[in-house]
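Trainee: can't give you the sequence, but here's the structure:
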C-alpha cells in the first residue's frame, strides 16, 4: 500500500462531505484517500467516480482507483471446453439475490490460498448488506441440492456492475455464477463488469486490461443509464450453448 505521506502523490483525508480527489491524479497503485465512513451515499459516490474501499483490520478506511483496470465485457465471457461440458450438465442451480448476507459472509471467511484474514470486515459486510436492502448491491448464488456452494456480490449502477468478491466451496461454483451474471447483464445491455485488479484467472475468463483514463471515460457515460435498482430475485438463468 502507498504511504499516506507519499512525496509524489497526495493521499487525502476525507471529511464529512463526500468529495473525493480526482482518481486520474492517483498513482498507478491507486490509493488516493483515507478516512471517512462506509455510509451508502459515500460508497455510491465513490463507485460513480471509479473508486472503491479496500483496507485491512486496524487500518483506516482506504479508497482506491488503480491503473490499469480489469474489465469484462458481458458478451465476451470465455468458455473453455471443459467448462462448457460442466455447464451442459446442469450441476448447479443459479439464483439471484436470494441469500446476499450468506454470500458476503462466505466471501469474507472462505479460506484462500496465500491469504490470511479478510478485508471484508464486519463493518464492510454491514455496509454492503444495507446497499443490498436499498437495491444497489446484488448477489448471484450457485446451489447443489439446495446447499449454497458458490457466489459473488457487487454493486450495479447504470450500465456497470462493480464486482467485489466471490467464493467457491466446490469446483466451478464461483465460475458458473460469473457466467450467469455475464449472460444476464449482456441481455440487459450492460457495458461492463468492473473486476478491479487484473489477475490471470480473470484474464482466462475474458477480462481485459484497460487504462484507468479509458475506464473513467466509459464509466462517466455508463452511469447515466437508468440501471436496475431493486431486487434481482426475478432474474432467471440457464446455460444456453448458443451464447
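Mentor: Here it is on my side, so go on. Here the structure is a predicted model, which is why all the values come from computation and not from measurement.

Trainee: low-confidence stretches in the protein?
Mentor: 1-10, 16, 113-117, 242-243 (pLDDT under 70).

Trainee: going along the chain, name the helices of it.
Mentor: Taking DSSP state H, the helices of the chain run over residues 40-48, 81-88, 100-109, 122-133, 173-187, 200-204, 212-222.

Trainee: tell me the contacts of the nearest residue to residue 118 once chain neighbours are set aside?
Mentor: The shortest distance from residue 118 to any non-neighbouring residue, by C-beta to C-beta, 6 or more residues apart in numbering, is to residue 108 (4.6 Å). Every residue, glycine included, has its C-beta placed from N, CA and C. Counting by C-beta atoms under 8 Å, 6 or more residues apart in numbering, residue 108 touches 118, 120, 121, 124, 125, 165.

Trainee: go ahead and confirm residue 177 touches residue 148.
Mentor: No. Counting by C-beta atoms under 8 Å, residue 148 is not a contact partner of residue 177; they are 10.6 Å apart.

Trainee: common neighbours of those two, please.
Mentor: Contacts common to residue 177 and residue 148, judged by C-beta under 8 Å, 6+ apart, are 141, 142.

Trainee: okay, those two: which has more neighbours?
Mentor: Taking other C-beta atoms under 10 Å, residue 177 and residue 148 do not tie; residue 177 has more neighbours (28 against 19).

Trainee: quick check: the gap between that one and residue 33.
Mentor: Counting by C-beta to C-beta, to the nearest Å, the gap from residue 177 to residue 33 is 31 Å.

Trainee: now residue 173
Mentor: In this view, residue 173 and residue 33 are 35 Å apart by C-beta to C-beta.

Trainee: the two - which one has more neighbours?
Mentor: Applying other C-beta under 10 Å to residue 173 and residue 33 shows that residue 33 carries more neighbours, namely 25 against 21.
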